[in-house]
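> Whatever this is, show me its structure:
(one chain, ligands or ions: 1)
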Amino acid sequence: MGIAMSSDLLGLAGRVVLVTGAGRGGGEGIARQFARAGACLALVDVDTDSVGRVAGDLASLGAETLPLVADVTDAEAVDEMLERTLAHFGRLDVGVNNVGNFGAHRPVPVMEQSADFWDACVSQNLLSTFLCAKAYGRAMAEGGEGGVIVNISSLSGLRASVHLAPYGAVKAGVMHLTQTLALEFAPHGIRVNCVAPTALESPSLRETLDPDEIVAREQANPLGRLCEVEELGGAVVLLASDLASYVTGQTLMCDGGASVTTRRPVIRVDSQRS
Ligand SMILES: NC(=O)c1ccc[n+]([C@@H]2O[C@H](COP(=O)([O-])OP(=O)(O)OC[C@H]3O[C@@H](n4cnc5c(N)ncnc54)[C@H](O)[C@@H]3O)[C@@H](O)[C@H]2O)c1
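Just a heads-up that it's a prediction; the model follows:
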């Protein structure tokens, strides 16, 4: 391969990138980093106001943005989201599956967990990733120029997930699904990878944990702090970029080294909260 100087080493300038759950937290950080790399952005969220705010912020930085409201656990809504993206931008180069959470359930021990908790985690994290990956894959295959998909898992999917068993199990599923998608989509020139962060400096973390639990997480982390949402975005952009052109089927831990230390705080159940 010849070596030429490039002002766009990432190869993302003018590329069309769709980010789900872009209205706040990790999705907002991911979208912001793609905007910095010069990409055009379809920003998807169930929350109209928040996705509109992020689209406006990124547009004021010079990015072309398309805010879309869709529930990515709904197959019809996902198909419509793709149709609107293709109608507006004419193509899709990168799809990021960032939506994921506990489905509004609080951490509880397995012996107290309901089937609803499990259903919600499967729907929010695994079903959403499957539906979107299928839609991205079809659009990219039809476009004939390949593409990249990046899924978002969690350290909880690699290590035991005490009091959040269904979340850990489905995040492990996202890592596994990434491998299968990578092999099935490879003949179309589509790479599929995954980023697994640990605790993000995000609104959802502050809604889930008491302040002293957040301090415990910072202290237990080898880098001594939480993951900034734009650091998650940096890892996603790296995998989506031309720099990772021979990387597929992989999960990149974006966790400050948390996965390689034995120090890890447990998430409290409600009865233990202040
Ligand atoms: N927050 C953390 O500490 C943390 C840690 C590890 C992994 N993660 C993972 O990182 C990702 C981002 O986490 P976060 O805490 O920023 O997310 P979050 O719960 O704050 O949600 C982000 C956005 O997704 C939107 N959303 C929720 N359900 C949706 C749906 N069905 N369709 C469309 N939009 C929907 C929300 O409205 C919100 O704006 C998730 O996959 C999460 O599992 C988060």
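
> Tell me the residues on the stretch 151-274 of the chain that lie near the ligand, please.
Applying CB under 6 Å from any ligand atom, one finds that the stretch 151-274 of the chain approaches the ligand through I152, S154, P197, T198, A199, L200, S202, P203, S204, L205. No exception for glycine: its C-beta is placed from N, CA and C like everyone else's.

> Please, a PyMOL command that selects the buried ones among those residues?
Buried residues among those (16 or more other CB atoms under 10 Å), as a PyMOL selection:
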select buried, resi 152+154+197+198+199+200+202+205
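
> Around the ligand, which positions in the stretch 1-150 of the chain sit nearby?
20-21, 23-27, 44-47, 50, 71-73, 98-101, 128.

> out of the residues of the stretch 151-274 of the chain next to the ligand, which are inside helices?
Among these, DSSP state H puts P203, S204, L205 in helices.

> Dump these to TSV, plus pLDDT.
Formatted as TSV, those follow (pLDDT from 0 to 100):
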residue	pLDDT
P203	95
S204	94
L205	92
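
> From the residues you listed, pick the one nearest A133.
For those, the residue nearest A133 by CB to CB is S204; the value is 22.5 Å.

> give me every residue that touches that closest one.
Applying CB atoms under 8 Å, 6 or more residues apart in numbering to S204 gives the contacts R24, G25, N101.

> one more time with 10 Å
By CB atoms under 10 Å, 6 or more residues apart in numbering, the contact set of S204 is R24, G25, G26, G100, N101, F102.

> Longest strand of this protein, counting residues only.
Longest strand of the chain, by residue count under DSSP state E: strand 190-197.

> buried residues in it?
Those would be I190, R191, V192, N193, C194, V195, A196, P197, for strand 190-197 by 16+ other CB under 10 Å.

> Tabulate the residues you listed (TSV), appending pLDDT.
Output for the buried residues of strand 190-197, formatted as TSV (pLDDT from 0 to 100):
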residue	pLDDT
I190	99
R191	99
V192	99
N193	99
C194	99
V195	99
A196	98
P197	98
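
> Would you check that D71 makes contact with T48?
No. Shown here, D71 and T48 do not form a contact pair, counting by CB atoms under 10 Å, at 11.8 Å.

> Of the two, which one has the most company?
A direct count of neighbours by other CB atoms under 10 Å for D71 and T48 places D71 higher, at 15 against 12.

> separation between that one and L127?
11 Å (CB to CB, to the nearest Å).

> Mutual contacts of those two, please.
V78.

> Regarding this protein, what is its longest helix?
The chain, longest helix under DSSP H: helix 165-185.

> Output the contacting helices and strands for that helix.
If contacts are counted by 3 or more CB pairs under 10 Å, 6 or more residues apart in numbering; DSSP states H and E, helix 165-185 sits against strand 94-97, helix 115-121, helix 128-143, strand 147-152, strand 190-197, strand 251-254.

> 8 Å instead, please
helix 115-121, helix 128-143, strand 147-152, strand 190-197 (3 or more CB pairs under 8 Å, 6 or more residues apart in numbering; DSSP states H and E).
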